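A.B. asks: predicted model and sequence below, questions to follow.
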Amino acid sequence: DLIVHVRDITHPETVLQKATVLSVLKNLNLPSHLLDSMVEVHNKVDLIERYKPTEENALAISALHGHGLEELKEEIEKKILTATGKKILTVNVNLEGPQLSWLYKEATVQEVEVKPEDGTAKVKVIISNSAFGRYKSLFPN
């Protein structure tokens, strides 16, 4: 669904390495949308003082120090959701009914926050549009 190209930005041949990787990917005859949506990541930015990517849409990270990893995670999540046609939603469910079980079968449940005082839970899911449509028709409230 997604290509993430991580480069050692401190390597003296980093530009040549990028060109080589792009050439190999093009020779694999991958769908054009994969190449167009590729995430470019510049790693080891901690070794270059005040590093700013010159390439459009490149993300600067330091895997060693954790710098930029949250932004990378968000970008990957956004692109994967776009590529797969899914979305992240939070729905309220009645724990006495079958909603939670249904969500576990038909979606990817990420978080469940139980509210024992009223027997409900806030459930964060990754779900396709069609599955969410079925959910709404099965559980209108």
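C.D. replies: That came through, no problem. Numbers count the residues shown, from 1 in each chain.
A.B. asks: number of residues surrounding Lys44?
C.D. replies: If you count neighbours by other C-beta atoms under 10 Å, Lys44 ends up with 20. (Each C-beta comes from the backbone N, C-alpha and C, glycine too.)
A.B. asks: measure the residue of the chain positioned farthest from its centre to Leu25 for me?
C.D. replies: Distance from the C-alpha centroid of the chain peaks at Glu117, with 33.7 Å (C-alpha atoms, centre = their mean). Per C-beta to C-beta, to the nearest Å, Glu117 is found 53 Å from Leu25.
A.B. asks: would you map the strands across this structure?
C.D. replies: 4-8, 39-43, 59-60, 86-94, 108-115, 120-128 (DSSP state E).
A.B. asks: next, format these as JSON lines and append mean neighbour count, mean pLDDT and distance to Glu77.
C.D. replies: What follows is the strands of the chain, written out as JSON lines (neighbours: other C-beta atoms under 10 Å; pLDDT from 0 to 100; distance: least, C-beta to C-beta, whole Å):
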{"stretch": "strand 4-8", "mean neighbour count": "15", "mean pLDDT": "97", "distance to Glu77": "12"}
{"stretch": "strand 39-43", "mean neighbour count": "21", "mean pLDDT": "97", "distance to Glu77": "11"}
{"stretch": "strand 59-60", "mean neighbour count": "20", "mean pLDDT": "97", "distance to Glu77": "13"}
{"stretch": "strand 86-94", "mean neighbour count": "15", "mean pLDDT": "95", "distance to Glu77": "8"}
{"stretch": "strand 108-115", "mean neighbour count": "12", "mean pLDDT": "97", "distance to Glu77": "11"}
{"stretch": "strand 120-128", "mean neighbour count": "18", "mean pLDDT": "97", "distance to Glu77": "9"}
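A.B. asks: for Phe139, which of those is the nearest?
C.D. replies: When the strands of the chain are compared by C-beta to C-beta, strand 86-94 sits nearest Phe139, at 7.8 Å.
A.B. asks: just the pLDDT for Phe139.
C.D. replies: You'll see Phe139 listed with a pLDDT of 94.
A.B. asks: find the nearest non-adjacent residue to it, please.
C.D. replies: Once flanking residues are discounted, Phe139 sits nearest to Gln99: 5.2 Å by C-beta to C-beta, 6 or more residues apart in numbering.
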